[in-house]
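Participant: What follows is a predicted structure for the sequence shown.
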Amino acid sequence: YSLNKKYMADKVYKALESTLSPDEAVRKQAEKYLENVEASAGYAVMLLKLVDDARQQQQSTSMVPLAAAITFKNFVKRNWRIVSVEDEPSKISEEDRNTVKCTVVDLMLTSPKQYQKQLSEAISIIGNLDFPEKWPSLLEDMNKKFQSGDFHIINGVLQTAHSLFKRYRHEFRSDKLWTEIKHVLNTFAAPLTELFVNTLKLAEQNSSNVENLRVLFSSLVLITKVFYSLNYQDLPEYFEDNMETWMTHFHALFFYYAIILFFLQDDEEAGLVELLKSQICDNVALYAQKYDEEFAKFLPQFVTAVWNLLVNTGKEVKYDLLVSNAIGFLRSVCERQQYKSLFEDEGILVSICEKVIVPNMEFRTADEEQFEDNPEEYIRRDLEGSDVDTRRRAACDLVKGLTKFFEAPVTRIFSQYVGSMLQQYASNPSTNWKSKDAAIYLVTSLAQKGSTAKHGTTQSNQLVNLEEFFNTHILTDLNQENVNSLPVLKSDSIRFVVTFRNQLGRPNLLLVFPHLVRLLLSTGHVVHTYAAHSVERILMIKDGNSNSPLFRKEDILPHLESLLSNIFGAMGMVGSEENEYMMKALLRVVSLAQDSVLPYMPTLVEGLTQKLVIVSKNPNKPHFNHYLFEVLSLCIRSTCSKDKSAVVGFEGALFGIFTDILQRDVTEFIPYVFQVMSLLLELHEPPVPDTYMALFPHLLAPVLWERPGNIPPLVRLMQAFIEKGGNSIGASDKFNNVLGVFQKLIASKSNDHYGFYLLNSMIEFMQPDLLEPFMKQIFSLLFQRLMKSKTGKFVRGILVFFSLHIIQTSADKFQQLIDSIQNRMFSMVLEKLIISDTQKVSGAMERKICSVGMTKLLTSCTALLDENYSHLWAPLLEALIGLFELPQDDSVADDEHFIEIEDTPGYQTAYSQLAFAGKREHDPVKVENPKLFLAQQLSSLSKQMPGKVSGMLGYLNPKAQEFLKGYVTAAQVTIS
């Protein structure tokens, strides 16, 4: 361990210590230091050593080793993936990768629990990328640890296995995946089964030892989770052969009641026994759904066991997951044709409704507490259908499942329960409101057969009269004068409107809309949030016939002032200061109202900028922030479309805040700031105002370009600068830096298209003499990249650039420039690139640019018309006609791997494009119809060179000649 490394380790230790400081400035400085040194050789290993030192010294007071473990996990998450050889070099050397893989498993298994969790996640990230090809020893190493007998170590192995294998639950089937799972099963299935059986024996032997039992049940929970992952894709032969062993023990565990563990629990958190039974429910549901034939003999005993479990389990919150998973098992069974007979008896359906569905739809005291004390979590579960399963959602899903084969009897039986619940409510509304709450949920689940998040209910049960229920029971709750009475029922009723918005129709929605606007003023967080959500969803409905919005501007004008006032009023209430539903509703209202919102614009912008100042201090609601910038962009666009001079007012309101955000390096907001600044600058007439020019040098700082999320908006902003002041930038001392940015972008497979955007703007908006000294070097760079790594995306980019270059300069200059790089290179570029790959160009504007560029090349390139390159003239014309007439070539080379969004390194600020700050499509070629333009240019050339063009056209294939004849006729010209 060299002195140099020791010095660096001390500095890293101190920086990690500073990241825990309460002082934001100290934290930021420490984070910057760590960001700068993370590319140093040995950094990852150094972090692991800090964790290991703490483990050996058993330091429990210092938080630095835990910070080192978390930093290591995040570093691995960002940097372990090798994106591509041509892009930025990896920050982790091969030597460091091997050292990490050799040490991290043992370190994880022998570390205290808080470190173990972080290191296990890091192993999972590495394993997902490297296992099995680059880490073949991982499973063998883990298997050996099963023999240790130390359940602290065994649980570490199981946790890692669970993290590693759970992706099998959602990955698409492929040969590669099957090969990996087969390898895992061959190595892991038998030891896992043996461990399962032995752990159960140990649990029996330790039934009175609470500490041992707790550890053993933690193991059993993890074993059953791993079982689920390994069985998800298909039924493995090993598990089919050993089904008896697993299912017998699963069944026995349903009846396991550890009294000693029971007393350790509270009423809120699920205990280990509940977690174990919940996972077993998932496991047997998986088998019932996917492997029914093999599982058939075990099914009846599990149906009985689950039924007994549901009937005898209490209403405490700690049983929620168990109950929802148990109901999920029943649903998976009742939806299968071959198990239909189990549910055909009407008595069974009555029993299910009475003993399972109605009790689990009830609004419990715990739900009431969550509604009042943790409304965001309530909304996440109830409205967003979050992954945290609730009893109520499971019960609703079971109703939907039962209606698949028994729609008529289920609707009849359950409607009777709905009737009696509504009667109970009517007898004493203030006391029995929970009965109506359950009734609304039961009707919703009975009526809704198909739905999507975007459209609400897409298919409904025709046996349920939704309109009658709406008018009799829903509208009565929403039109009450007091917006704060019976808040749960108001939320239920709003939810009903949102769920069935497409079925209720325009007249009913117009009727309910004013009440929803009023309910934005409710002090109940859930009520005003649901009201905002309903306004937003209703304004998004499309008329099925015309595909235009169902609600028109005229429909909301009478309510516009109330809408704006009530939304801002709600965002002033405690807990809703950053309510994303409010901001999204505001976006839809402003978007639909268009210029009708202009009289309110000063107040609106003032309210939005005040919000921006507050949230920029501590951005923690990404959706709210996104919609905030969307509304700002929409305000700018709609105001300035009527009066371009208004842009100065927006700059006055925003620039101070934007400067503060940039100076404080608020990474979450910087991509948004660049997009809004682009929008503002694009609205200016040239030249670029001084306020922007003062910022320009800072935009070229390398640190800004290192964050992937900054690149798209920064390039857009640079393009705006070039469009409005390209010549002054080209003549300044910063132009070399601009070319440096282009060079960095073009070298990267993931960012090369942004390099072309920048280059195309320079070609279009700068005087040719400013670019000419650099053009040969630019072309050389492009050809080097093409030879080094040719991708379809790069080819499309270079072809569009070539065409733009020809249009903006001349075809002769283009040919001469290429031949000056290498003698007769133009021939190769024509043949191997332009003629062979033009068909790959995508996008209407891009294809138009290419067609005009190729037309100019065909009709104004001297060398192409003399003996040097004339043999390529007809193939080039055929390629152009192909661009007009043939479908786009979407084929991808076998060795080409496009980088998907989720494959780019994690942790960096993602780029979220603002829809209302979008760049308007710009047409750099003033040609309306490229086909007619080709005919006109060929006709013009034939007059200059009589006989030559018609002679060369003879080399075209007959089909191409036929198409060309059509263009010539349509253009009303002749070719002599």
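Facilitator: Everything's here; your move. Residues are numbered from 1 along each chain as shown.

Participant: okay, now residue 687: neighbour count?
Facilitator: 12 (other Cβ atoms under 10 Å). C-beta here means a position set from N, CA and C on the backbone, and glycine is covered the same way.

Participant: so it sits in a strand?
Facilitator: No - secondary structure of residue 687 (DSSP: H, G, I helix; E, B strand; the rest coil): coil, not part of a strand.

Participant: give the contact list for it.
Facilitator: 724, 725, 728 (Cβ atoms under 8 Å, 6 or more residues apart in numbering).

Participant: quick one: which of the residues you listed is most hemmed in?
Facilitator: residue 725 (22 neighbours).

Participant: got the contacts of residue 687 as TSV, with pLDDT and secondary structure columns?
Facilitator: As requested, these are exported to TSV (pLDDT from 0 to 100; DSSP: H, G, I helix; E, B strand; the rest coil):
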residue	pLDDT	secondary structure
724	93	helix
725	92	helix
728	91	helix
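
Participant: got CSV for those residues, with distance to residue 210 too?
Facilitator: What follows is the contacts of residue 687, written out as CSV (distance: Cβ to Cβ, whole Å):
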residue, distance to residue 210
724, 73
725, 74
728, 77
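
Participant: in stretch 756-772, what's buried?
Facilitator: Of all the residues in stretch 756-772, those buried under the rule 16 or more other Cβ atoms under 10 Å are 756-766, 770-771.

Participant: before we move on, what about stretch 548-562?
Facilitator: Neighbour counts using 16+ other Cβ under 10 Å place 549, 550, 551, 555, 556, 559, 560, 562 of stretch 548-562 among the buried residues.

Participant: Assign residue 89 to helix, strand or coil.
Facilitator: coil.

Participant: Provide a list of residues in contact with the spatially closest residue to residue 277 that is not a sequence neighbour.
Facilitator: Spatial nearest neighbour of residue 277, excluding adjacent residues (Cβ to Cβ, 6 or more residues apart in numbering): residue 322 at 5.4 Å. Contact analysis of residue 322 by Cβ under 8 Å, 6+ apart lists 270, 274, 275, 277, 278, 281, 309, 313.

Participant: let's see 10 Å
Facilitator: 270-271, 273-281, 309-310, 313, 391 (Cβ atoms under 10 Å, 6 or more residues apart in numbering).

Participant: Out of the residues you listed, which is nearest to residue 178?
Facilitator: residue 279 (24.7 Å; Cβ to Cβ).

Participant: any idea how far residue 228 is from the closest one?
Facilitator: For residue 279, the distance to residue 228 equals 7 Å [Cβ to Cβ, to the nearest Å].

Participant: Surely residue 449 and residue 459 touch.
Facilitator: Yes - assessed by Cβ atoms under 10 Å, residue 449 is found in contact with residue 459 at 4.3 Å.

Participant: Okay, helices next: where are they in the stretch 251-400 of the chain?
Facilitator: 259-262, 272-290, 292-295, 299-312, 320-334, 346-352, 358-361, 365-373, 375-382, 391-427 (DSSP state H, counting those that start in this stretch).

Participant: Double-check that residue 449 belongs to a strand.
Facilitator: Yes - under three-state DSSP, residue 449 sits within a strand.

Participant: For it, grab the count of nearby residues.
Facilitator: 16.

Participant: Same check on residue 242?
Facilitator: For residue 242, using other Cβ under 10 Å, the count is 16.

Participant: Tell me which residues touch it, please.
Facilitator: 189, 190, 193, 196, 197, 236.

Participant: Return the members of the residues you listed classed as buried.
Facilitator: Counted by 16+ other Cβ under 10 Å, the contacts of residue 242 give 189, 193, 196, 236 as buried.

Participant: Farthest-apart pair in these, please.
Facilitator: Going by Cβ to Cβ, the pair spanning the buried ones among the contacts of residue 242 furthest: 196 and 236, at 14.8 Å.

Participant: Include distance to residue 487, secondary structure and pLDDT when you put the buried residues of stretch 756-772 into JSON lines, please.
Facilitator: Putting the buried residues of stretch 756-772 into JSON lines (distance: Cβ to Cβ, whole Å; DSSP: H, G, I helix; E, B strand; the rest coil; pLDDT from 0 to 100) gives the following:
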{"residue": "756", "distance to residue 487": "55", "secondary structure": "helix", "pLDDT": "95"}
{"residue": "757", "distance to residue 487": "51", "secondary structure": "helix", "pLDDT": "94"}
{"residue": "758", "distance to residue 487": "54", "secondary structure": "helix", "pLDDT": "95"}
{"residue": "759", "distance to residue 487": "58", "secondary structure": "helix", "pLDDT": "95"}
{"residue": "760", "distance to residue 487": "56", "secondary structure": "helix", "pLDDT": "94"}
{"residue": "761", "distance to residue 487": "54", "secondary structure": "helix", "pLDDT": "94"}
{"residue": "762", "distance to residue 487": "59", "secondary structure": "helix", "pLDDT": "95"}
{"residue": "763", "distance to residue 487": "61", "secondary structure": "helix", "pLDDT": "94"}
{"residue": "764", "distance to residue 487": "58", "secondary structure": "helix", "pLDDT": "92"}
{"residue": "765", "distance to residue 487": "58", "secondary structure": "helix", "pLDDT": "93"}
{"residue": "766", "distance to residue 487": "62", "secondary structure": "coil", "pLDDT": "94"}
{"residue": "770", "distance to residue 487": "66", "secondary structure": "helix", "pLDDT": "92"}
{"residue": "771", "distance to residue 487": "65", "secondary structure": "helix", "pLDDT": "92"}
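
Participant: Just give me the closest of these to residue 933.
Facilitator: residue 764 (18.5 Å).

Participant: wait, what's in contact with the closest one?
Facilitator: Here residue 764 is in contact with 719, 722, 723, 726, 804, 805, 807, 808, 922, 924, 925 (Cβ under 10 Å, 6+ apart).

Participant: 8 Å instead?
Facilitator: 723, 804, 808, 924.

Participant: Which one (most neighbours) among those residues?
Facilitator: For these, neighbours tallied by other Cβ under 10 Å; top is residue 804, 23 neighbours.

Participant: which residues does that one contact?
Facilitator: 760, 763, 764, 849, 853, 924.

Participant: For the residues you listed, name the two members farthest from one another.
Facilitator: 764 and 853 (12.6 Å).

Participant: follow-up on the earlier one: looking at the helices of the stretch 251-400 of the chain, which is closest to residue 537?
Facilitator: Nearest of the helices of the stretch 251-400 of the chain (Cβ to Cβ): helix 375-382, 14.1 Å.

Participant: other SSEs contacting that closest one?
Facilitator: Counting contacts by 3 or more Cβ pairs under 8 Å, 6 or more residues apart in numbering; DSSP states H and E, helix 375-382 packs against helix 365-373, helix 525-539.

Participant: then stretch 373-387 to CSV, C-alphas only?
Facilitator: Extracted C-alpha coordinates of stretch 373-387, given in CSV (Å, rounded to 0.1, in the frame of the first residue of the first chain):
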residue,chain,number,x,y,z
ASP,A,373,-51.8,11.8,8.7
ASN,A,374,-50.0,10.5,5.6
PRO,A,375,-52.2,11.6,2.6
GLU,A,376,-49.3,11.2,0.1
GLU,A,377,-49.0,7.6,0.9
TYR,A,378,-52.8,7.1,0.8
ILE,A,379,-52.9,8.7,-2.7
ARG,A,380,-49.9,6.6,-3.9
ARG,A,381,-51.7,3.4,-2.9
ASP,A,382,-55.3,4.4,-3.8
LEU,A,383,-54.9,6.5,-6.9
GLU,A,384,-51.6,5.5,-8.4
GLY,A,385,-52.0,1.7,-7.6
SER,A,386,-48.5,1.6,-6.2
ASP,A,387,-46.6,-1.7,-5.8
